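1. coordinates only, sequence not included:
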């Protein structure tokens, strides 16, 4: 095995791809769905590279950069969180898929325990106490959260996100009392009247604990200290 070139290729950068067209004949083939903004993916990558370098004649690695939630390749394989692995056997059949902890454990069994666990002491999936387990669980949670928040809003959800125009005071309201400024989405907006604030609270544009400050004040107040819903 020493001296053999590691069989590693990136086969997609967000585009649809047929995995079976990239299987390595006579080898296990591991497909790694990842993204460069995903922290757990970056943490996992060196481990996968070491595995394929250690077993160049038995293992091939195919990398798939999903780039973002909703990308063509992500939709094609219904990827809900990353990193996501798919392991194909030497016969070209899918033998394991899911989070890294599960798939690497199955890969270990096929490589004879050389991924870090002893095959004679393989824990079952319900009672695994490996120190890697909480790391991967936390990583998967973080990746899923990141994957969700970069997702483009669909037509059904876009109207639930108020635009900056929704924060503008009603022009029909009296403006003499418009002296309040509100911290919205990280920026200071205003001036608003107390009637404007009541309307914003009622429409749930802001929460009761939103920070507000009157023109000339140095200290912030909570919205619910000034108006009530």
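-> Cool, got the structure. Because the structure is a prediction, the values reported are computed rather than measured. Numbers count the residues shown, from 1 in each chain.

2. give the pairing partners of the helix or strand harbouring residue 29; include direction for each.
-> Secondary structure assignment for residue 29, by DSSP states H and E: strand 28-34. Sheet partners assigned to strand 28-34 using DSSP bridges are listed as strand 59-65 (parallel), strand 84-88 (antiparallel).

3. give me the contact list for the last one.
-> Counting by Cβ atoms under 8 Å, 6 or more residues apart in numbering, the neighbours of strand 84-88 from elsewhere in the structure are 19, 23, 28-33, 77, 94-100, 103-104, 106-107. Heads up, the C-betas are built off the backbone N, CA and C, glycines and all.

4. which of those fall in helices?
-> Applying DSSP state H to the contacts of strand 84-88, the entries found in helices are 100, 103-104, 106-107.

5. let me know the closest of the residues you listed to residue 226.
-> Taking Cβ to Cβ as the measure, residue 226 lies nearest residue 100 of these, at 49.6 Å.

6. how many neighbours does the closest one have?
-> Using other Cβ atoms under 10 Å, residue 100 has 24 other residues around it.

7. now do it, the pLDDT please.
-> Listed pLDDT for residue 100 reads 92.

8. next one: residue 191 from residue 200, what distance?
-> 13 Å (Cβ to Cβ, to the nearest Å).

9. out of those two, which sits in the busier spot?
-> When neighbours are counted by other Cβ under 10 Å, residue 191 and residue 200 differ, and residue 200 comes out ahead with 24 against 15.

10. buried residues, the helix or strand containing residue 48. List them.
-> Using DSSP H and E, residue 48 sits in helix 39-54. Of the residues in helix 39-54, 40-41, 44-45, 48, 51-53 count as buried by neighbour count, 16 or more other Cβ atoms under 10 Å.

11. does anything pack onto that helix? Which helices or strands?
-> With contacts defined as 3 or more Cβ pairs under 8 Å, 6 or more residues apart in numbering; DSSP states H and E, helix 39-54 has these neighbours: strand 7-13, strand 28-34, strand 59-65, helix 100-111, helix 132-149.

12. past the helix or strand bottoming out on mean pLDDT in the chain, which element shows up next along the chain?
-> Within the chain, no helix or strand scores below helix 155-158, which has a mean of 41 by mean pLDDT, DSSP states H and E. Once helix 155-158 ends, the next helix or strand along the chain (criterion: DSSP H and E) is strand 180-184.

13. compare the strands paired with strand 28-34 and give me the one nearest residue 13.
-> Across these, closest to residue 13 is strand 59-65 (Cβ to Cβ), at 4.8 Å.

14. could you give the angle of the closest one to strand 7-13?
-> 20 degrees (axes from the mean of the first three to the mean of the last three Cα atoms, to 10 degrees).

15. show me what strand 59-65 is in contact with.
-> 6-14, 17, 19, 22-24, 27-36, 48-49, 51-52, 73, 107, 111.

16. quick check: PyMOL command selecting the buried ones in these.
-> In PyMOL, selecting the buried portion of the contacts of strand 59-65, with burial taken from 16+ other Cβ under 10 Å, looks like this:
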select buried, resi 6+7+8+11+12+14+17+19+22+23+24+27+28+29+30+31+32+33+34+35+48+51+52+73+107+111
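
17. residues touching residue 18, list them.
-> No contacts exist for residue 18 under Cβ under 8 Å, 6+ apart.

18. and this structure, what are its domain boundaries?
-> Split into domains by automatic domain parsing, the chain comes to 7-149, 161-225.

19. sorry, back to before: could the strands paired with strand 28-34 go into JSON lines alongside mean neighbour count and distance to residue 227?
-> As requested, the strands paired with strand 28-34 are exported to JSON lines (neighbours: other Cβ atoms under 10 Å; distance: least, Cβ to Cβ, whole Å):
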{"stretch": "strand 59-65", "mean neighbour count": "23", "distance to residue 227": "48"}
{"stretch": "strand 84-88", "mean neighbour count": "22", "distance to residue 227": "47"}
